[in-house]
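Chemist: have a look at this prediction, sequence included:
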Amino acid sequence: MDLEQIKKTLNSGSGLALKEYLIAKLNELKSIDSIKEKDIATHQSIEIKAQKRAYSKLKEIMQDIMTFSDEVKTRDPRDSYHITDEDL
């Protein structure tokens, strides 16, 4: 697998649309809207932890094949969840 070739393709004209799509999907994982509400606090905590792990893993995979820039549209920080180990 040639990661440099994949990066080159994603940064080309035709690959930019795919890159934007992948980044949008990554941002959806970080969005509060994608978290399922649970009635039991423990279950909600598990849901949030799973969502956070999925975001981290997908971002790790995507960083291998593409470069992120500050030009990418970012969501309002109030629309994202940020959890530290102290919160859990």
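Modeler: That came in fine, so what should we check first? This is a predicted model, so every value here is computed, not measured.

Chemist: angles on the backbone of D39, please.
Modeler: phi -80, psi -30 (degrees, to the nearest 10).

Chemist: ok, it - how many residues close by?
Modeler: D39 sits with 6 neighbouring residues when counted by other Cβ atoms under 10 Å. From N, CA and C alone the C-beta is placed, and that goes for glycine too.

Chemist: D33 now?
Modeler: That count, for D33 with other Cβ under 10 Å as the rule, works out to 7.

Chemist: surely it is within a helix?
Modeler: Yes. Applying DSSP: H, G, I helix; E, B strand; the rest coil, one finds D33 inside a helix.

Chemist: quick one, grab the pLDDT at it.
Modeler: Predicted confidence (pLDDT) at D33: the value is 77.

Chemist: now do the one 3 residues further on
Modeler: In this model, K36 is scored at 84, pLDDT.

Chemist: and it, helix, strand or coil?
Modeler: coil.

Chemist: cool, the one 10 residues further on as well?
Modeler: Using three-state DSSP, the secondary structure recorded for I46 is helix.

Chemist: surely L29 is in contact with A54?
Modeler: Yes. Using Cβ atoms under 8 Å, L29 is in contact with A54, at 5.6 Å.

Chemist: more neighbours: the two, which one.
Modeler: Set side by side, L29 and A54 show more neighbours around L29, with 18 against 14, by other Cβ under 10 Å.

Chemist: could you report the distance from that one to E47?
Modeler: 12 Å (Cβ to Cβ, to the nearest Å).

Chemist: next one: Y55
Modeler: Taking Cβ to Cβ as the measure, Y55 falls 13 Å from E47.
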